[in-house]
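Trainee: Below are the sequence and a predicted model for it; my questions follow.
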Amino acid sequence: MVEKKEFLYEGKAKRVYRTGDPDLYLVEFKDDATAFDGLKKGTITGKGEVNARMSALLFQVLERRGIPTHFVELVGPREIVVKALRIVPVEVVVRNVAAGSLAQRLGLEEGTPLKSPVLEFYYKSDELHDPMINEYHIAALELATPDQVELMKSYAFKVNEILSQVLELAELILVDFKLEFGLHHGSILLGDEISPDTCRFWDRNTREKLDKDRFRRDLGKVEEAYQEVLQRITEAVGKQIQ
Ligand code: UDP
């Protein structure tokens, strides 16, 4: 039984605690939601539970398919135990369909399919508002070694393939998502969460948005969308295992 000990850190959507084991942390997912660099704040009731459960489920799927992750176990309705990571301060975004900042930056209509997946890096820095960077910036600022960058890229594309397959079974389109990686005893592991907060999921038939864009853009039925994608993805993973 892993014990929740000293509070370590609070982020926008999660709280992190130490456990009795220095190698393991406990992550508690909150219902708090923020968008637009923290300017918009709100609550999505039940989000913490959905994000904890979905992350647990998808990290397990990824581990089975060869992606090393920080996930250890789901220990409460909104709590997971993870391997303690030193986070690489780089966000890795993968996109299959133009949306959000890419649609804006390149003047593409939201929903335009991309001929091949696009991978982008952003520097994790609240003061700088997470600027987009490339591999040269990562090397120059020593945010990660070239080998670590190569690993993060290959894991990110593999995660895209694996998650796209699961989502297809759930009749959802994986539009884009953000990953974070960290170091645990010298190895790169996938960290953070995989949830409607960090991915864009669209219904395959109606193209309805079933993710945090419902909160960002005041589209209504936010809670319902979170519950719906969790249910559909849980069923899809069940089908895949059978
Ligand atoms: N994303 C995220 N955290 C961030 C920025 C983006 O989880 O700080 C996710 C976002 O949910 C989407 C993808 O990364 O699935 C690409 O986001 P985009 O660059 O389009 O930015 P946004 O439109 O969310 O500002």
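Mentor: Thanks, I have the structure now. Residues are numbered from 1 along each chain as shown.
Trainee: How about this structure: which residue is closest to the ligand?
Mentor: Residue of the chain nearest the ligand, by CB to the nearest ligand atom: residue 100 (2.3 Å). Every residue, glycine included, has its C-beta placed from N, CA and C.
Trainee: roughly how far apart are residue 47 and residue 209?
Mentor: Per CB to CB, to the nearest Å, residue 47 is found 15 Å from residue 209.
Trainee: which one of those two has more residues nearby?
Mentor: Neighbour count, other CB atoms under 10 Å: between residue 47 and residue 209, residue 47 has more, with 26 against 21.
Trainee: Contact residues of this structure facing the ligand?
Mentor: Within the chain, the residues that sit near the ligand (CB under 6 Å from any ligand atom) are 93, 99-102, 130, 176-178, 198-200, 212.
Trainee: Return the closest of those residues with respect to residue 115.
Mentor: Set against residue 115, the nearest of the residues of the chain next to the ligand by CB to CB is residue 102 (13.5 Å).
Trainee: If you count contacts, what does the strand or helix carrying the closest one end up packed against?
Mentor: Per DSSP states H and E, residue 102 falls inside helix 100-106. On a contact count with 3 or more CB pairs under 8 Å, 6 or more residues apart in numbering; DSSP states H and E, helix 100-106 meets no helix or strand.
Trainee: which stretches of the protein form helices?
Mentor: Taking DSSP state H to define them, one finds helices in the chain at 47-64, 100-106, 135-140, 146-169, 213-216, 222-241.
Trainee: okay, those in JSON lines with mean pLDDT next?
Mentor: JSON lines is the format used below for the helices of the chain (pLDDT from 0 to 100):
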{"stretch": "helix 47-64", "mean pLDDT": "98"}
{"stretch": "helix 100-106", "mean pLDDT": "98"}
{"stretch": "helix 135-140", "mean pLDDT": "98"}
{"stretch": "helix 146-169", "mean pLDDT": "98"}
{"stretch": "helix 213-216", "mean pLDDT": "98"}
{"stretch": "helix 222-241", "mean pLDDT": "97"}
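Trainee: Which pLDDT value does the model give the spatially most central residue of the chain?
Mentor: Centroid-nearest residue in the chain, with CA atoms, centre = their mean: residue 194, separated by 3.3 Å. Residue 194 is assigned 98 on the pLDDT scale.
Trainee: Same question for residue 1.
Mentor: 80.
Trainee: Quickly note the distance from it to residue 24.
Mentor: Residue 1 is 12 Å from residue 24, by CB to CB.
Trainee: out of the helices of the chain, nearest to residue 35?
Mentor: Nearest of the helices of the chain (CB to CB): helix 213-216, 4.3 Å.
Trainee: Keeping just the C-alphas, turn that closest one into PDB.
Mentor: Provided in PDB are the C-alpha atoms of helix 213-216 (Å, rounded to 0.1, in the frame of the first residue of the first chain):
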ATOM      1  CA  ASP A 213     -11.800  22.900 -26.300                       C
ATOM      2  CA  ARG A 214     -15.400  22.700 -25.000                       C
ATOM      3  CA  PHE A 215     -14.200  24.600 -21.900                       C
ATOM      4  CA  ARG A 216     -11.700  26.800 -23.800                       C
END
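Trainee: All set now, cheers.
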